[in-house]
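**Q** Structure for the following, please:
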Amino acid sequence: MDAIHTSNRHHARIRRLERLAELLDDRFRIPGTRWRFGLDSLIGLVPGVGDAAGAIMSAYIIAEAARLGLPKRAVLRMLANLGIDTVLGAVPLAGDLFDVAYKSNRRNVNIALDHLKK
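**A** Predicted structure coming up:
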């Protein structure tokens, strides 16, 4: 019975991470295009504070993935994605366009899912 309870909790955590990545990277669509963006791109428009807030929400995804038992190598890849997103995303305007294209949160959730399926 305990294994089922643990499995349900893991499944709920994974769904939460998927929803957060969707909110941060893919929630909205630019009308007439296939381009999607999320809150990460929008809050990144606020100088300094926006990028920091986005990084904190992205770090939550990594922390949850680590709690789910991802290997250190996978967590390091996720941290590298966050680092790239944070540094390049901090460039005014061009960084926000980078955020729209790079989608580090989606990448990180996919890394977590790949390892959890094994």
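
**Q** What's the separation between the residue nearest the centre of the chain and H10?
**A** With distances taken as Cα atoms, centre = their mean, the chain has N105 as the residue nearest its mean C-alpha position (1.8 Å). N105 is 19 Å from H10, where distance means Cβ to Cβ, to the nearest Å. Heads up, the C-betas are built off the backbone N, CA and C, glycines and all.

**Q** after the lowest-mean-pLDDT helix or strand in the chain, next one along is what?
**A** For the chain, scoring each helix and strand by mean pLDDT, DSSP states H and E identifies helix 2-25 as the least confident one, at a mean of 85. With elements assigned by DSSP states H and E, the helix or strand that comes after helix 2-25 is strand 28-29.

**Q** which other helices and strands contact that next one?
**A** Where contact means 3 or more Cβ pairs under 8 Å, 6 or more residues apart in numbering; DSSP states H and E, strand 28-29 is packed against strand 36-37.

**Q** rerun at 6 Å
**A** Contacts defined by 3 or more Cβ pairs under 6 Å, 6 or more residues apart in numbering; DSSP states H and E place strand 28-29 against no helix or strand at all.

**Q** Stretch 52-67: which residues count as buried?
**A** In terms of neighbour count (16 or more other Cβ atoms under 10 Å), stretch 52-67 has its buried residues at 54-55, 57-58, 61-62, 64-66.

**Q** Tell me how far it lies from the chain's centre.
**A** Using Cα atoms, centre = their mean, to the nearest Å, the distance from the centre of stretch 52-67 to the centre of the chain it belongs to is 7 Å.

**Q** Not counting that stretch itself, show me its contacts.
**A** Here stretch 52-67 makes contact (Cβ atoms under 6 Å, 6 or more residues apart in numbering) with 13, 17, 40, 43-44, 75, 78, 82, 86, 105, 108, 112.

**Q** what two of those residues are the furthest from one another?
**A** Using Cβ to Cβ, the two most remote members of the contacts of stretch 52-67 are R13 and G44, lying 25.8 Å apart.
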